[in-house]
Structures are given as structure tokens and as C-alpha cells.
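Peer 1: give the three-dimensional model of this entry:
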Amino acid sequence: MVDLVLKFVSSCRASGMRISTSEVLDCLRHLERIDCAREDEFRAALRANFAKSVRELAHFDRLYRLFFHEFRLDAADVEAAGRFADQIGDLARRLAPEAAPEAEYQAVVDFLAGDPQGLLRALHRIRTESDASPQTVKFNLAPLEGRLKLLMQILRVGDVAQALVKSDMTDLDAADRRALAGHVGERLDRARALLMFEPLPDADGIRKNVDAGERLKQLGEKPFSSFTPRETEEMREAIGGLVRKLKNITSRRFAVRNRGALDVKKTLRAAARYNGVPLDLKYRRKALRKGRIVTLCDVSGSVWSAARFMLNLLYSLQDCFDRVHSFVFVDRLTEVTEIFDTHEVNEAIGRVLGKADVGFNATTDYGEMFRHFKRGYMEILTKKTTLIIIGDARSNYLSPEDAILGEMRDRCRRVVWLNPEPEGIWGTADSEIYTYAPWCHEVRPCRNLNQLIRFIEELVL
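Peer 2: Below is the predicted model of the structure:
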């Protein structure tokens, strides 16, 4: 049993799950206290120790089914399964070439023999690698090349294995030979399925908020793209009022921190230095902790009509949180935190749209933006940080680099994506919103004033 669990742990690690030695030891101690013959208890013990978050549960379940069901012996036909296990091992030895084989080829042969670690490790590498070439235009070539190479090796192993079963397995009768060929075909089909149809991360926890209520009915429900100049000024006044309201609320939170229940111990301790006179009252305080915000705002032509209002959103957050890092981008990031810290809202937005080092004529590339952030700014993300991404997720068919967003999510408290497009056209043409959605805690449309106000209130209050 210990050897079986250790092999399963190695498969999980090869697929990207982080399992420490102490967690393995805890799991083995838990298995001593249950009946391992009951699969529900056995599976629950492994799940409790190795799946450390809700998002890892689905990944754990897929690996558990692969390892303990698709590669284990069938209890209904133990004798036949054992005979085929010997034949599979002999077949794997014959498939191994005399010269040093390619890593992908050996991984497929090991998978056929019942060891999924090599293939899982190759799939994890393909899923997480990115195109690091210095070319101006980047495509999703590196993962595609890796998948194609692995697929070619699967087909190669399949052809050689079927030929060996038909010709060299002379010790088997016709029925067993057909059964063995079918068994080999099933495992190779499973390898192709893992390669071609790798599921996305579990997205059950994503929440979408569509409606913002009835406030400011006429202006609030109108899309930003259809505002007239006069309506734009009216909208600015509405946002200005909201910002003043939020600042007052956060200010009052800190103004009342010296009122509340009397802390007798601290009061007596402070008065001891003066022999009790005078008496300096001390109150029980609960530390007020402000969160931190990192915002990434798309200012490309496809969302230009909403960009100014999104920048108003960024500005309004400056005084409501402990620290706000603001970035704008088309293909590469430009930090505008200092501009927002030192200028009034209209002047700050004018400087961002007119004087900041932003490549407005470049092609929108969310993948390049994520690569740029990973290289230069990943350290600003902490477990106190809420990451807000504002944009339509249209990346002109370039590599989305959603794995980098997954790394950013792991470092953050919360990831929220605001999309200024109507939800009905999400995922059409070059939109990658559904590629990024599984890595977000919340995806919501933000294309009118009501939705913008509702989001700011929920974020601050």
C-alpha cells in the first residue's frame, strides 16, 4: 500500500500538484486508521491530504481515476488481467529501442506499461511553457510544437505495438491477441485524450454580476460607447459623488478607532508610570487593515470608449486602499501609479491618455502584457492584493498566456476581470475571455455606469 501511494504521489507531482513529504507522512498515518478496502474512505483520505484547495479537487479526481481505475487490475477478472500485465510489460521492453530513446517516446512507452509519470510531466511542461523568442509578434508556437511532437510519438508507439502484437506474440491464441490489441489501443486512446482534450481548471466558483439596480436609470443603463459629451460630464459628476462618499466612509472608519469598549488592563498599565494620576483611557482596538489593489487597464482602440471611465475607476480607488498600483497597456505595460498619486483626476487621465509611454498604435496582445508583468512586477502581488483586470480579452489570435494569469492568481487574494463588452459576444472571434475566466475569482461585465458603481461599492464597502 505504501508503494502504491508513493507512486500516486509521484504522478500527482509530475502533473503539477505540490505535495510535500510531511503531507505524504500524514496521509499514511491516516490510512492506518481506516479500512483501505473501502474505496470511499481511501479516496477521502488521499483527497483531504493532497488537494489543498477547491480548485485542485477536480484535478485530483482526474488523476485518481487515471491511476487507480484505468491502470489498476480489474477485480472481476484478476487472472486475465495479470496475464495481460505480463504481456504489456514484455511488449514495453520490446518497444524500447537499443539506442537512447527520445524523452517523449519513452514517456508514451511507460504510459502503455502503466506508469503515467513521464506523460503527465510532459503534458505539464507543454501546458506551462511559453514562447520566449525575442520576435516582435509572438504566437502560440512552443506549446503547439510540443503537443504535435508528443502526438507523433503516440502514433509511432501505437503502430509499432500493434505490429508486435500481430506478429511476435506467438504464445497467445487469437482471442487473447485480439484482447491484448484492444487493451493497448484503449491505453493509447487515453494518452491521446489526455493530450488533445486536457480539461480547464474547475470554474464552479466564478460569479458573474450583470445588473446594478435602478439607480440613475437613464444614464446608468446606457453603454459608455453611446455617451454624448454632455452625458459624459454628468457621468463624471456621478462618479465624483461616489468617490467622495467612499472617502468619507473610509475616513470615518479610522476616526472612530479611539472609541469603543474600555480596555482596563491597558489603561492601568499606562497609568502606572504616573502612579495613577493622570488616567489615560485606553480602548480595545481591532486593527483596521486596508487591502491592496493592482489594476491592469486595456486602453486599446477596441475599448477606447470605455477606457476613460475605467481610468476614473482607477483614480477613485487611490484613497480607499492601503496601496494601489495602476497600469495601462495595449501590448506592454506602462505604470501610471505616480500620475494618479500626484494629479487631479481630469489632469491625471489626460496625462495617461496623452503623455504616458503607451503604444496606442500597437496590436493588442494580452499574452505579451502578462509576460511583461511576470518579468517585472510579479513581486507586488501578495495575499493582501486584489488584482483587477479591465479589458475585452481580445488578443488578435496571439498566445493568451493564461498560465501566467494562473501564477498571478496563486499569489493574490482575489482576481476580478471587468469586461466592457456585452456578454453576448464574449468568446467570439479573437476573444479569450473564457480562456482567462477559470483563473479568475469573478468575471463581470462593466459597460455602463450602474455596473461600474456597483462594482466600486462592493469592492470598498
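
Peer 1: so who does residue 364 touch?
Peer 2: 298, 300, 302, 330-331, 394-396 (Cβ atoms under 8 Å, 6 or more residues apart in numbering). For every residue, glycine as well, the C-beta is placed using N, CA and C.

Peer 1: in strands only, show me those.
Peer 2: Secondary structure from DSSP state E places residue 298 of these in strands.

Peer 1: and which of the contacts of residue 364 is nearest to residue 432?
Peer 2: Proximity of the contacts of residue 364 to residue 432 (Cβ to Cβ) peaks at residue 395, which lies at 5.4 Å.

Peer 1: right, and that closest one touches residue 370 too?
Peer 2: No: using Cβ atoms under 8 Å, residue 395 makes no contact with residue 370, being 9.9 Å away.

Peer 1: residue boundaries of the helices in the stretch 101-250 of the chain?
Peer 2: 103-113, 117-128, 141-167, 174-196, 217-220, 229-255 (DSSP state H, counting those that start in this stretch).

Peer 1: out of those helices, nearest to residue 340?
Peer 2: So among the helices of the stretch 101-250 of the chain, helix 229-255 is nearest, using Cβ to Cβ, at 12.4 Å.

Peer 1: which SSE is immediately downstream of the closest one?
Peer 2: Next helix or strand after helix 229-255 toward the C-terminus (DSSP states H and E): helix 264-271.

Peer 1: re the thing from before, any idea which of the helices of the stretch 101-250 of the chain is most buried?
Peer 2: Stretch with highest mean neighbour count among the helices of the stretch 101-250 of the chain: helix 103-113 (a mean of 22; mean count of other Cβ atoms under 10 Å).

Peer 1: show residues contacting it.
Peer 2: 88-89, 91-92, 95-97, 101, 116-119, 121-122, 149-150, 153-154, 156-157, 161, 184, 187-188, 191.

Peer 1: now the contacts of residue 364 in CSV, with pLDDT and distance to residue 310?
Peer 2: Output for these, formatted as CSV (pLDDT from 0 to 100; distance: Cβ to Cβ, whole Å):
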residue, pLDDT, distance to residue 310
298, 91, 8
300, 86, 12
302, 73, 13
330, 90, 14
331, 88, 18
394, 92, 15
395, 90, 18
396, 90, 20
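
Peer 1: ranking the contacts of residue 364 by neighbours, who comes first?
Peer 2: residue 298 (26 neighbours; other Cβ atoms under 10 Å).

Peer 1: residue 60 is nearest to which of the helices of the stretch 101-250 of the chain?
Peer 2: helix 117-128 (12.9 Å).

Peer 1: show me what the closest one is packed against.
Peer 2: If you count contacts as 3 or more Cβ pairs under 8 Å, 6 or more residues apart in numbering; DSSP states H and E, helix 117-128 packs onto helix 2-14, helix 103-113, helix 141-167, helix 174-196.

Peer 1: out of those helices, flag the one nearest residue 46.
Peer 2: Among the helices and strands packed on helix 117-128, helix 2-14 comes nearest to residue 46, with 7.3 Å by Cβ to Cβ.

Peer 1: return the set of buried residues in the closest one.
Peer 2: By neighbour count with 16 or more other Cβ atoms under 10 Å, helix 2-14 contains the buried residues 5, 7-14.

Peer 1: cool, and stretch 278-286?
Peer 2: Neighbour-count burial for stretch 278-286 [16+ other Cβ under 10 Å]: residue 282.

Peer 1: what mean pLDDT does it get?
Peer 2: Across stretch 278-286, pLDDT averages out at 73.

Peer 1: likewise stretch 193-207?
Peer 2: Mean per-residue pLDDT for stretch 193-207: 67.

Peer 1: break the protein into its domains for me.
Peer 2: Domain ranges of the chain: 1-72, 101-199, 217-252+290-460, 256-288, per automatic domain parsing.

Peer 1: worst mean pLDDT among those?
Peer 2: domain 256-288 (a mean of 72).

Peer 1: tell me which residues of that domain are tucked away?
Peer 2: For domain 256-288, using 16+ other Cβ under 10 Å, the buried residues are 271, 282.

Peer 1: partner residues bridging residue 296?
Peer 2: residue 327, residue 389 (DSSP bridges).

Peer 1: give me the neighbour count for it.
Peer 2: 23.

Peer 1: thought it was touching residue 369?
Peer 2: Yes: at 7.0 Å, residue 296 counts as touching residue 369 under the criterion of Cβ under 8 Å.

Peer 1: where do the contact lists of the two overlap?
Peer 2: Shared contacts of residue 296 and residue 369 (Cβ under 8 Å, 6+ apart): 329, 333.

Peer 1: near the nearest residue to residue 223 once chain neighbours are set aside, how many other residues are there?
Peer 2: Nearest non-adjacent residue to residue 223, counting by Cβ to Cβ, 6 or more residues apart in numbering: residue 447, 5.2 Å away. Neighbours of residue 447 under the rule other Cβ under 10 Å: 23.

Peer 1: strands along the stretch 301-450 of the chain, start to end?
Peer 2: 323-329, 333-335, 385-390, 414-419, 442-445 (DSSP state E, counting those that start in this stretch).

Peer 1: and the ones you listed: which comes nearest residue 221?
Peer 2: Across the strands of the stretch 301-450 of the chain, closest to residue 221 is strand 442-445 (Cβ to Cβ), at 12.2 Å.

Peer 1: need the helices of the stretch 101-250 of the chain in JSON lines with distance to residue 457, can you?
Peer 2: Below are the helices of the stretch 101-250 of the chain laid out as JSON lines (distance: least, Cβ to Cβ, whole Å):
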{"stretch": "helix 103-113", "distance to residue 457": "52"}
{"stretch": "helix 117-128", "distance to residue 457": "37"}
{"stretch": "helix 141-167", "distance to residue 457": "40"}
{"stretch": "helix 174-196", "distance to residue 457": "44"}
{"stretch": "helix 217-220", "distance to residue 457": "13"}
{"stretch": "helix 229-255", "distance to residue 457": "8"}
